[in-house]
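**Student:** Using only what follows, build the 3D model:
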Amino acid sequence: MQLPYLQFHPSVAALSLFAPTSIVIARAVAGAGLTLAGYATVRGDGEWIRIGANAYFAERATVHIADGVLPTGIGSDVTVGRYALVHACTLGAGVVVADAATVMDGAVVGPGALVAPGALVSPRKKLAGGFVYAGNPAKLMRKL
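**Tutor:** Got it, this is the predicted structure:
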């Protein structure tokens, strides 16, 4: 489902696949190949969410913004796991945010990084690409 909010309408490229229970709201722009599993939510009601090509959001994954303050930017070939939360941050290309992980406001996760299951990336944290991060708060574990 794609829903407008105020004067904003989602813009999702062709060749995208949405489960019947998934939703994209308002200021969301996504490239081709976006896949949203059941109950996945992309909620750009107060700021922009920009998603590259071939992104995958598993069951109950949520992408949101900080209303009127911080947008969310997601590169191409990104995977967001089940029950994961991506909130007002930036994910580089090829990032994997595993099941039940959280990436918070103003954080930047570099290309090709893996945020392990259940990890918490703290607000404004900068994580280099190509590494595995785990824990609460997320810490560098090893090179990929």
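**Student:** What helix or strand is the most centrally placed residue in the chain located in?
**Tutor:** With distances taken as Cα atoms, centre = their mean, Val86 lies nearest the centre of the chain, 4.5 Å away. Val86 is part of strand 85-87 when elements are defined by DSSP states H and E.
**Student:** Settle this for me: the residue nearest to the centre of the chain is touching Ile74, isn't it.
**Tutor:** Yes. At 6.9 Å, Val86 counts as touching Ile74 under the criterion of Cβ atoms under 8 Å. All C-beta atoms are positioned from the backbone trio N, CA, C, and that covers glycine.
**Student:** what residues are shared contacts of those two?
**Tutor:** Residues touching both Val86 and Ile74 (Cβ atoms under 8 Å, 6 or more residues apart in numbering): Val63.
**Student:** Flag every buried residue along the longest strand belonging to the chain.
**Tutor:** Secondary structure of the chain per DSSP state E: the longest strand is strand 41-51. Buried residues in strand 41-51, counted by 16 or more other Cβ atoms under 10 Å: Thr41, Val42, Arg43, Gly44, Asp45, Gly46, Glu47, Ile49, Arg50, Ile51.
**Student:** Could you dump those residues into CSV and include distance to Gln7 and pLDDT?
**Tutor:** Formatted as CSV, those follow (distance: Cβ to Cβ, whole Å; pLDDT from 0 to 100):
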residue, distance to Gln7, pLDDT
Thr41, 21, 97
Val42, 18, 97
Arg43, 17, 95
Gly44, 13, 94
Asp45, 12, 91
Gly46, 13, 90
Glu47, 14, 94
Ile49, 16, 97
Arg50, 18, 98
Ile51, 21, 98
